[in-house]
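Asks: Structure of the sequence below:
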Amino acid sequence: MGELSCSELNATIIDIDDISDEVFFEGGVRAGSNVDGALGHLIDVGRLLAELEGDGKLDRAVDRLEDAWIDEDWNGYSFALDDIADRLDYFYDRDC
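Replies: Predicted coordinates for the structure are as follows:
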């Protein structure tokens, strides 16, 4: 996966909303849930974009998201998701 289409980027942005909803309403991400899979995809897309764009801010936000997920730090998780959403929105607005 060397590039990302606008539809893939948009789908990832929608995944962020679904992940945020589960964290807010369920208090976390259930292992094995659809959202758990979406989270893995979000991390992969974030890493790809950070590498393609040379975007250290996105790379750090993905690291923070992964750490917060492992630590079940849902406040840190929300902040990292917000930062990732901002960067993905920027790329979508710029390129799509």
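Asks: what comes up buried for stretch 5-19?
Replies: Using 16 or more other C-beta atoms under 10 Å as the test for burial, stretch 5-19 gives Leu9, Thr12, Ile13, Asp15, Ile16, Ile19. Placement of C-beta: from N, CA and C, glycine included.
Asks: Quickly find the element holding the fifth one.
Replies: Put plainly, it is Ile16. Using DSSP states H and E, Ile16 sits within helix 6-26.
Asks: list the helices and strands that helix packs on?
Replies: For helix 6-26, the packing partners by 3 or more C-beta pairs under 8 Å, 6 or more residues apart in numbering; DSSP states H and E come out as helix 34-53, helix 74-95.
Asks: can you list contacts of the first one?
Replies: Taking C-beta atoms under 8 Å, 6 or more residues apart in numbering as the criterion, the residues outside helix 34-53 that touch it are 1-4, 8-9, 12, 15-16, 18-19, 22, 29-30, 55-56, 58-59, 61-62, 65-66, 69, 84, 87-88, 91.
Asks: Can you tell me which of the residues you listed are classed as buried?
Replies: Here, 16+ other C-beta under 10 Å leaves 4, 9, 12, 15-16, 19, 22, 29, 55, 58-59, 61-62, 65-66, 69, 84, 87-88, 91 buried among these.
Asks: and the nearest residue to Ile16 once chain neighbours are set aside, how many neighbours does it have?
Replies: Nearest residue to Ile16, sequence neighbours excluded (C-beta to C-beta, 6 or more residues apart in numbering): Ala85, at 4.9 Å. Using other C-beta atoms under 10 Å, Ala85 has 18 neighbouring residues.
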